[in-house]
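1. Let's see this in three dimensions:
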Amino acid sequence: MKIIPALSLVLLAPLSTPAMAQHHGHHGHHAAHSSPYAGMQNRAIKALSEEQIAGLQAGKGMALAMPAELNGYPGPAHTLELAAELQLTDEQATRTQQLFADMEAQAKAAGLEVIEAERALDTLFRDKQATPEAVSAAVTKAALAQGKLRETHLRYHLSMMDVLTAEQIAAYNQLRGY
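-> I've put the predicted structure just below:
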């Protein structure tokens, strides 16, 4: 299954850091220049910043639902923020609050799985136990956890389509600047 590690890179892309993007453009630097990774060696989990860990623990979207959001599928969190402007009925507000609570609970659980999978991968390298097989298994586990988290957020954007009217969806997109 050689395709799974490559899939993990695609799924983990939303967790990439600006330093990672910077790094890819600076292959020609001499050793005298500091790396954009300088200082990251002190992180608890090298691949995740403190902000990313906090976002994962809190069930935040972290841009994981952009395909839905930017293609006209409102999210429950932003719908609640815009409740007055969208003129949500009491029933719509109640349904949206329940969807948000369910999404947040599932996203927090999935986020913890991502953190633990990244911690396990980091530990393999920290403890000098990394082998091709162990790395493949750890990366696959991290990619699956990330995919589960992303699917959770996307699924709740789909659910909002059954809550809002076409007019409210259009207003949502306009209010969000799309």
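2. what's near enough to touch residue 85?
-> By Cβ atoms under 8 Å, 6 or more residues apart in numbering, the contact set of residue 85 is 171, 175. Bear in mind the C-beta positions are built from the backbone N, C-alpha and C, glycine included.
3. Helix or strand for it, just tell me which one.
-> Following DSSP states H and E, one finds residue 85 within helix 83-86.
4. Averaged pLDDT, that helix. What do you get?
-> Helix 83-86 comes out with an average pLDDT of 98.
5. before we move on, what about stretch 136-149?
-> Rounded mean pLDDT across stretch 136-149 is 98.
6. starting at the chain centroid, how far to that stretch?
-> 13 Å (Cα atoms, centre = their mean, to the nearest Å).
7. quick one: residue 135 from residue 126, how far?
-> Distance, residue 135 to residue 126, by Cβ to Cβ, to the nearest Å: 13 Å.
8. With residue 51 instead?
-> 21 Å.
9. Then residue 61?
-> Distance from residue 61 to residue 126, by Cβ to Cβ: 30 Å.
10. The two: which has the busier surroundings?
-> residue 61 (24 against 12; other Cβ atoms under 10 Å).
11. That one contacts residue 75, correct?
-> Yes: counting by Cβ atoms under 8 Å, residue 75 is a contact partner of residue 61 at 6.8 Å.
12. what's the overlap in contacts for those two?
-> Joint contacts of residue 61 and residue 75 (Cβ under 8 Å, 6+ apart) are residue 153.
13. how about whichever strand or helix holds residue 77 as PDB, C-alpha atoms only?
-> Here residue 77, judged by DSSP H and E, is contained in helix 76-81. What follows is helix 76-81, C-alpha atoms only, in PDB (Å, rounded to 0.1, in the frame of the first residue of the first chain):
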ATOM      1  CA  PRO A  76     -22.900  25.600  11.900                       C
ATOM      2  CA  ALA A  77     -20.400  27.800  13.800                       C
ATOM      3  CA  HIS A  78     -20.600  30.700  11.300                       C
ATOM      4  CA  THR A  79     -24.300  30.200  10.900                       C
ATOM      5  CA  LEU A  80     -24.700  30.800  14.700                       C
ATOM      6  CA  GLU A  81     -22.500  33.900  14.400                       C
END
